[in-house]
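Enquirer: coords below, sequence missing:
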């Protein structure tokens, strides 16, 4: 999970947990921007959610596009 590692090394953070009314979400921020906000899918393992988060962070690094599955949920 190289993108999560790079984000944290650069002072960013990730969060896993409930964001009402969502039972489980994964978010990533770089200190200035929301990089990714994902909703855990039914039956999705935490490992799979973290892998999707890593890919979403990579997408942000590659093109500046943040992934947002929470707003509009």
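Expert: Received, thanks. Values in this document were obtained by computation on a predicted structure and should not be read as measured data. Numbering: from 1, shown residues only.

Enquirer: when you work out contacts or count neighbours from here on, use the C-alpha atoms and nothing else.
Expert: Noted.

Enquirer: which stretches of the chain have low pLDDT?
Expert: Scanning the chain with the threshold set as pLDDT under 70 gives 73.

Enquirer: for it, what spans make up the helices?
Expert: Per DSSP state H, the chain carries helices over the ranges 2-9, 46-63.

Enquirer: give me whichever of those helices is most buried.
Expert: Of all the helices of the chain, helix 46-63 carries the top mean neighbour count, a mean of 17, counting by mean count of other C-alpha atoms under 10 Å.

Enquirer: want to throw the helices of the chain into TSV with distance to residue 31?
Expert: As requested, these are exported to TSV (distance: least, C-alpha to C-alpha, whole Å):
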stretch	distance to residue 31
helix 2-9	10
helix 46-63	13
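
Enquirer: residue 37: which of the ones you listed is closest?
Expert: helix 46-63 (8.0 Å; C-alpha to C-alpha).

Enquirer: and the closest one, what does it pack onto?
Expert: helix 2-9, strand 22-29, strand 34-39 (3 or more C-alpha pairs under 8 Å, 6 or more residues apart in numbering; DSSP states H and E).

Enquirer: in CSV, list the ones you listed along with distance to residue 64.
Expert: Output for these, formatted as CSV (distance: least, C-alpha to C-alpha, whole Å):
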stretch, distance to residue 64
helix 2-9, 14
strand 22-29, 13
strand 34-39, 8
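
Enquirer: nearest to residue 58 among the ones you listed would be which one?
Expert: Closest of the helices and strands packed on helix 46-63 to residue 58 is helix 2-9, at 5.7 Å (criterion: C-alpha to C-alpha).

Enquirer: and that closest one, what other elements does it pack with?
Expert: So helix 2-9, by 3+ C-alpha pairs under 8 Å, 6+ apart, packs with strand 13-19, helix 46-63.

Enquirer: can the ones you listed go into TSV with extra columns for distance to residue 33?
Expert: Formatted as TSV, the helices and strands packed on helix 2-9 follow (distance: least, C-alpha to C-alpha, whole Å):
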stretch	distance to residue 33
strand 13-19	11
helix 46-63	10
